[in-house]
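Asks: This is the structure alone, sequence omitted:
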């Protein structure tokens, strides 16, 4: 348990552990379902990959359904407000979100901190208020995506395939990765 706690609190050690090794997550506003690589049809035009079958709450308190992201590439950025790497790359994430507009959805996952004020201050300080951020103070979404460190990214293709990267990523590195996943 102590080793798992150290991994979860480390700022971007780059160490990734299997999704099943994370400590239990208390109930929260964010819930997640299995991340198995299957997809089910929800409408005639879109399928929802299992990785996008989750619900959460935005920092503004609005309900968020991951299924709304189906059909387009998505970049999930996992950050913590006390992480210096996350703070440094915030402007690059904001620029990437602006550059790719509706072509790629960028979603921030704010976790590993209990302070809502610290999370909101991070968004203001990094200039990332233009993207959707989900409140994951309990770690349910970190666990759903198998993320054990920050800054981390999960790229999800329209078909549900995923790939991960660990930051810090500068503007060029992030753009190169997004281009690779949307080509």
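Replies: Right, received. Where do you want to start? As the structure is a prediction and not an experimental result, all values here were calculated from the model.
Asks: what helix or strand is residue 113 on?
Replies: For residue 113, there is no host helix or strand (DSSP states H and E).
Asks: Kindly state the pLDDT recorded for it?
Replies: With respect to pLDDT, residue 113 scores 87.
Asks: Quick check: it touching residue 80?
Replies: Yes - using Cβ atoms under 8 Å, residue 113 and residue 80 qualify as a contacting pair, with a distance of 5.5 Å. Every C-beta, even on glycine, is put in place using the N, C-alpha and C of the backbone.
Asks: ok, residue 167 - contacts?
Replies: Shown here is residue 167, whose contacts under the criterion Cβ atoms under 8 Å, 6 or more residues apart in numbering are 12, 85, 86, 89, 150, 151, 152, 153.
Asks: Which of the three states applies to the third one?
Replies: For residue 86, the reduced secondary structure class is helix; criterion used: DSSP: H, G, I helix; E, B strand; the rest coil.
Asks: So which residues of the chain form helices?
Replies: For the chain, helices defined by DSSP state H occupy the ranges 2-9, 84-100, 116-126, 140-145, 171-182.
Asks: pretty sure residue 89 contacts residue 150?
Replies: No - at 10.3 Å, residue 89 does not count as touching residue 150 under the criterion of Cβ under 8 Å.
Asks: how close does residue 92 sit to residue 172?
Replies: Distance of residue 92 to residue 172, computed by Cβ to Cβ, to the nearest Å: 8 Å.
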